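Participant: Pasted the sequence and its predicted model underneath.
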Amino acid sequence: MKTIIIKMTDAYDYQSFYETIENCTMIDCRDLEGTRCYLDDSAKSILVDRLNEYSAEGIHFIDSGNYHYLSLLWLQKITTPFNLVLFDHHPDNQPPSFGEITSCGGWVLEATETLPNLKNVFTYGVGDETPIENIPTDLPIYISIDKDALSTEFAITDWDQGNMTLDELLKDLESLYSSHQIIGVDICGDSGESAENGGKVNNQTNHSLFDFLSKKF
């Protein structure tokens with residue numbers, strides 16, 4: 001199982017959860033401009049190239065929620081029909097503010113409009129949710145986790161946060177793994193703006209998530 005960590009900010013400089021992970025690749029993209037919240041075409045082309053050799057399968061840590069659009073680049077690699085399960089305090093389905101630019105707040109909408117293999121999106125953390133046990137089992141799923149769905153006891157993010165506990169998230173993940181084929185998982189919601197202050201709690205939660213997920217792949 002391959003673990004990919006994409007550095008868009010200094011967030012992971014204040015964490016250590018990944019230091020003992022075997023078969024882990026760190027991709028440093030802090031040199032790119034045109035990436036914060038909105039992804040311009042030039043930066044997108046470079047990111048696609050840097051991720052070209054890596055699969056949507058496995059575990060992907062993708063830094064701050066400001067870069068949650070990186071999930072779209074993983075979803076574009078999936079070549080068979082699938083469902084997306086999103087844990088997020090925001091639905092990320094807003095139309096772009098200008099043009100057709102990819103954004104952290106609109107990547108889910110872009111995915112549903114441009115990816116024919118994506119059949120359904122199930123979102124948890126914003127209310128009015130389909131019970132986990134009611135997600136159809138006929139298609140494999142890809143899971144995207146934004147830690148802003150968690151309360152501030154379990155994550156320090158760059159966005160307003162929900163009130164989910166880590167135990168509740170892990171229980172939901174256990175339910176998904178017990179009844180579905182999982183293609184891959186990505187995790188964002190680290191803090192680039194408060195990287196040092198949030199480092200300890202985010203490190204602990206990332207460590208817990210990796211320990212859980214690594215036993216499932």
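Facilitator: Sure thing, it's come through.
Participant: okay, CA-based contacts and neighbour counts for the rest of this
Facilitator: OK.
Participant: dump the residue contacts of residue 135.
Facilitator: Neighbour list for residue 135: residue 122 [criterion: Cα atoms under 8 Å, 6 or more residues apart in numbering].
Participant: helix/strand/coil for residue 74?
Facilitator: What DSSP: H, G, I helix; E, B strand; the rest coil gives for residue 74 is helix.
Participant: ok, for it, nearest residue in space, not its chain neighbours?
Facilitator: Spatial nearest neighbour of residue 74, excluding adjacent residues (Cα to Cα, 6 or more residues apart in numbering): residue 56 at 5.1 Å.
Participant: What is the burial count for the one you found?
Facilitator: Neighbourhood size, residue 56 [other Cα atoms under 10 Å]: 21.
Participant: can you give me phi and psi for it?
Facilitator: Note on residue 56: backbone dihedrals following degrees, to the nearest 10 are phi -70, psi -20.
Participant: Contact partners for it?
Facilitator: With contact set as Cα under 8 Å, 6+ apart, residue 56 has these partners: 74, 75, 77, 78, 183, 184.
Participant: what are the phi and psi angles of residue 25?
Facilitator: phi -120, psi 130.
Participant: hang on, the earlier thing: separate out the buried members of the contacts of residue 56.
Facilitator: Neighbour-count burial (16 or more other Cα atoms under 10 Å) applied to those gives 74, 75, 78, 183, 184.
Participant: Save the contacts of residue 56 as TSV, and put in pLDDT and distance to residue 90 too.
Facilitator: As requested, these are exported to TSV (pLDDT from 0 to 100; distance: Cα to Cα, whole Å):
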residue	pLDDT	distance to residue 90
74	98	19
75	98	19
77	98	24
78	98	24
183	98	23
184	98	21
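Participant: would you list those in CSV and tack on distance to residue 62?
Facilitator: Listed next are the contacts of residue 56 as CSV, based on distance: Cα to Cα, whole Å:
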residue, distance to residue 62
74, 11
75, 13
77, 16
78, 18
183, 17
184, 13
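Participant: Specify which member of those residues is nearest to residue 13.
Facilitator: Closest approach between those and residue 13, by Cα to Cα: residue 74, at 23.6 Å.
Participant: Hmm, residue 58 and residue 23 touching each other?
Facilitator: No: in this structure residue 23 lies outside contact range of residue 58 using Cα atoms under 8 Å: 10.8 Å.
Participant: Identify each buried residue in the longest helix seen in the chain, please.
Facilitator: Longest helix in the chain, counting residues (DSSP state H): helix 195-214. By neighbour count on 16+ other Cα under 10 Å, the buried set for helix 195-214 is 195, 198-207, 209-210, 213.
Participant: got it, and stretch 128-148?
Facilitator: Neighbour counts over stretch 128-148 (16+ other Cα under 10 Å) mark 132, 135, 139, 140, 141, 142, 143, 144, 145, 146, 147, 148 as buried.
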